[in-house]
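*Asks:* Got a predicted structure here, sequence first:
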Amino acid sequence: QVQLVESGGGLVQAGGSLRLSCAASGRTFSTYNTGWFRQSPGKEREFVAAISWKDNTYYGDSVKGRFTISRDNAKNTVLLQMNSLKPEDTAVYYCAASPLTFGRTWNPLSREYDTWGQGTQVTVSS
């Protein structure tokens, strides 16, 4: 089973940028489907972006055109570049991953990932 550690969160002004990293250990990450979700107080965990093991990408409507997900298999890392940040982007951001599995259909927007990281806080001030 892979272990996930997020980093890169912090405090930024509206309009600024941050880059989150999700580092995987324990297994080769190249055959994992990976997603980013976020959760703010009192709200459900929300889909942000996902990338398949074949590098197909998916984005939530609220972040399209501002966020970019990518992967670096050599470093066993998935990145989330966040630009033009807004106060409503404030949340704890979680990385999640599921291995490519024969016979299993992956829904990138679903929260049914096998492994989750501990989260990293992103705060956007107005």
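*Replies:* Noted; the coordinates are in hand. Nothing here was measured: the structure is a model prediction, and the numbers come from that model.

*Asks:* which one in the protein is furthest away from the centre?
*Replies:* Ranked by distance from the centre of the chain (Cα atoms, centre = their mean), the top residue is residue 103, with 24.3 Å.

*Asks:* Give me the phi and psi angles of that one.
*Replies:* The phi/psi pair for residue 103 (degrees, to the nearest 10) reads phi 80, psi 0.

*Asks:* so the most centrally placed residue in the chain, which of the three states?
*Replies:* Centroid-nearest residue in the chain, with Cα atoms, centre = their mean: residue 36, separated by 2.1 Å. Put simply, residue 36 is strand when judged by DSSP: H, G, I helix; E, B strand; the rest coil.

*Asks:* Look up how far residue 37 lies from the closest residue to residue 38 other than its chain neighbours.
*Replies:* Excluding the flanking residues, the one nearest residue 38 by Cβ to Cβ, 6 or more residues apart in numbering is residue 91, at 3.7 Å. For every residue, glycine as well, the C-beta is placed using N, CA and C. Remark: distance between residue 91 and residue 37 (Cβ to Cβ, to the nearest Å) = 9 Å.

*Asks:* what do you get for residue 25?
*Replies:* 20 Å.

*Asks:* cool, and residue 18?
*Replies:* Note on residue 18: its distance to residue 37, by Cβ to Cβ, is 16 Å.

*Asks:* From what I see, residue 116 and residue 93 are in contact.
*Replies:* No. Look at residue 116 against residue 93 with Cβ atoms under 8 Å: they stay out of range, at 11.3 Å.
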